[in-house]
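**Student:** show me how the following folds:
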Amino acid sequence: RNKKNRGIKLSHGNGFVWFEIDIQCSLAISIDKQSTLSNVVFEHIQLMKQRAISLKNVPVKLLLLQDLLICAKLIIDADLLISYNPFSQSPTRKMPPTSSAMDFFQLFVPDNVLKNMVIQTNMYAKKYQERFGSDEAWMDVTLIEIKAFLAYMISTSTHHCESVLSIWSSGFYSNKSIALIMTQARFEKILKYFHIVAFRSSQTTHGLYKIQPFLDSLQHSFDSAFKPSQTQVLHEPLIDEDPVFIATCTERELRKRKKRKFSLWVRQCSSTGFICQIYAHLKESSGTEGLDALKNKAQLHSIVAKSLCQNVTGKNCIIFTGPSITSLNLFEEFEKQDIYCCGLLSTRKSDCTGLPSSMLNNPETPQSRGYYRIKMKGNMSLICWYNKGYFRFLTNAYSPTQQGVIIKRKSGEIPCPLAVEAFAAHLSYICKYDDKYSKYFISHKPNKTWQQVFWFSISIAINNAYILYKMSDAYPVKKYSRVQFGERLVKELLGLEDPSPGH
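**Tutor:** The predicted structure is shown next:
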């Protein structure tokens, strides 16, 4: 025991593992065997729950481990068990140094998914022509053509243009280096009939049924390809229209543009930027069931959050949320599933049900920077922190007594609770990630909602592929930038570059 230390510190040697425990917690620790200790990268270990209690004799068991992974089980307040698994964000598959951009992309969009696009597109073309008359210019699409079709679309993520058809133009946005692989007429035919699901099931009511199988496949690939860090963020990524092209559009073109009919939410690893899960919500629907029947935005955002976190139940993740998701009821429900939260609270945007009004009202006289007040309900802490304005945080992931600091260039260090420091650090990384990687979203904007969601999903898959590339042994060989990685992927899909022998 050391009164100067907070949380848990871990050291190991001679097969033993030693834990130094915060004196504010009553704990019992046992150690389980799993895999090799040599593969463990112990990150910053945060106690998920802490309660200010009197110091007691703490029973600690230390078992001799021979080259084994440690999983500490923390029993807090003698009756609550929290199982802890060490987190080390990393790809689950070791890619060889010769892996190509195509190899990483196909971790998420493999050939079997592309072959299904071929089948469904041909089926839809046949159905369409049976209903509206034959199209003599149409020939069944092949796998090679589907790859080329995707390549042309993906090329607009690095060579931005208002329409993908600009590739074949003679103007500024033309791209002669890839235009000769497929004629514009053939591309437009494939674009006309392109489908992921050709036929609607009689039982289907979901508005995104045309791409739901693809989204399910993508989610499975994200889960199996990457192990995220303990800290993750729920938010809406930047997918707004590029202001450069909005500025160049005529008034008539702007009127023709339809307002986006969906919102896209993600669960994102705060250490790497890897997007672990996507959730698309349609803003308009004729159905009376599901999310569109909810008039309360807090209810809507709560359901979005539950959907995004369904795969992290029992994993002791720390989830950071914005004001629209943060609520006492949601955080308490997540806590029962071993999901812990830290969220920014807004009296205007958040569901403040159950929170004390005394903490939601600003004092008449401003306080000094770094001043904060805390109220607790069980393991939940409501923090009101002042820094040129009042900021409120709700958390059960960090002890309110743990101190942190916000570093400003001009003001220097500003004291704050650890929860505030953690929130600022993780959210600032995600903001920097969005500022950088949102530039590489496919810029072609189709009118159909399911196609918009599909191309955004493909863009996210490519960004994730690049993250895995940077973490692999292949990155030191070529050190491609994000633009170079995208250009390389386009050429490999078009067959202009032979992918290196990978797996």
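**Student:** what's the average pLDDT for stretch 404-415?
**Tutor:** For stretch 404-415, mean pLDDT rounds to 82.
**Student:** does Tyr386 touch Tyr372 like I think?
**Tutor:** Yes: proximity of Tyr386 to Tyr372 meets the contact threshold set by Cβ atoms under 8 Å, at 6.8 Å. Where you see a C-beta, it was placed from the backbone N, CA and C, and this is true even at glycine.
**Student:** helices of the protein, start to end?
**Tutor:** Using DSSP state H, the helices found in the chain span residues 101-105, 111-132, 143-155, 176-179, 184-193, 212-225, 243-248, 251-256, 297-308, 328-335, 418-437, 449-470, 475-478, 482-494.
**Student:** single out the most deeply packed of these.
**Tutor:** helix 101-105 (a mean of 24; mean count of other Cβ atoms under 10 Å).
**Student:** just checking, what packs against it?
**Tutor:** helix 449-470, helix 482-494 (3 or more Cβ pairs under 8 Å, 6 or more residues apart in numbering; DSSP states H and E).
**Student:** among the helices of the chain, which is nearest Pro366?
**Tutor:** Proximity to Pro366, assessed across the helices of the chain by Cβ to Cβ, is greatest for helix 418-437 (17.8 Å).
**Student:** for that closest one, C-alpha coordinates in CSV please.
**Tutor:** Provided in CSV are the C-alpha atoms of helix 418-437 (Å, rounded to 0.1, in the frame of the first residue of the first chain):
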residue,chain,number,x,y,z
LEU,A,418,-8.8,12.5,-14.3
ALA,A,419,-12.1,11.8,-16.1
VAL,A,420,-11.9,15.3,-17.8
GLU,A,421,-8.3,14.8,-18.8
ALA,A,422,-9.1,11.4,-20.3
PHE,A,423,-12.1,12.7,-22.2
ALA,A,424,-10.1,15.6,-23.7
ALA,A,425,-7.2,13.3,-24.7
HIS,A,426,-9.3,10.6,-26.4
LEU,A,427,-11.7,13.0,-28.1
SER,A,428,-8.9,15.2,-29.4
TYR,A,429,-7.3,12.2,-31.1
ILE,A,430,-10.6,11.2,-32.7
CYS,A,431,-11.1,14.8,-34.0
LYS,A,432,-7.6,14.8,-35.5
TYR,A,433,-8.3,11.4,-37.1
ASP,A,434,-11.6,12.7,-38.6
ASP,A,435,-9.9,15.8,-39.9
LYS,A,436,-7.3,13.7,-41.7
TYR,A,437,-9.2,10.6,-42.9
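**Student:** now it: mean pLDDT?
**Tutor:** pLDDT averaged over helix 418-437 gives 88.
**Student:** show residues contacting it.
**Tutor:** 231, 233, 235, 237-238, 268, 270-271, 273, 318, 320, 342-344, 372, 381, 383, 385, 391, 393, 395, 397-400, 402-406, 463, 482 (Cβ atoms under 8 Å, 6 or more residues apart in numbering).
**Student:** ok, now with 6 Å
**Tutor:** 231, 233, 237-238, 270, 273, 320, 342, 385, 393, 395, 398, 402, 404, 406, 463 (Cβ atoms under 6 Å, 6 or more residues apart in numbering).
**Student:** pLDDT below threshold where in this structure?
**Tutor:** Residues of the chain that meet the criterion pLDDT under 70 lie in 1-88, 202-205, 239-259, 284-296, 499-503.
**Student:** okay, domains of it per the record?
**Tutor:** According to the TED database, the chain comprises the domains 37-84, 95-201+441-494, 232-435.
**Student:** format those domains as a markdown table; extra columns: distance to Ser217.
**Tutor:** Shown next, in a markdown table, are the domains of the chain (distance: least, Cβ to Cβ, whole Å):
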| stretch | distance to Ser217 |
| --- | --- |
| domain 37-84 | 29 |
| domain 95-201+441-494 | 6 |
| domain 232-435 | 12 |
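**Student:** show me which of the contacts of helix 418-437 are buried.
**Tutor:** Among these, those scoring as buried are 231, 233, 237, 270, 273, 320, 342, 385, 393, 395, 398, 402, 404, 406, 463 (criterion: 16 or more other Cβ atoms under 10 Å).
**Student:** got a list of what the first one touches?
**Tutor:** Think Thr231. 270, 318, 426.
**Student:** the second one and Asn396 touch, don't they?
**Tutor:** Looking back up the chat, that one is Ile318. No: under the criterion of Cβ atoms under 6 Å, Ile318 is not in contact with Asn396, lying 9.6 Å apart.
**Student:** now for these two: what residues contact both?
**Tutor:** Joint contacts of Ile318 and Asn396 (Cβ under 6 Å, 6+ apart) are Tyr340.
**Student:** closest one to Gly314 among the helices of the chain?
**Tutor:** Per Cβ to Cβ, nearest to Gly314 of these: helix 328-335, 11.2 Å.
**Student:** residue contacts, Ser438?
**Tutor:** Taking Cβ under 6 Å, 6+ apart as the criterion, Ser438 is in contact with Leu238.
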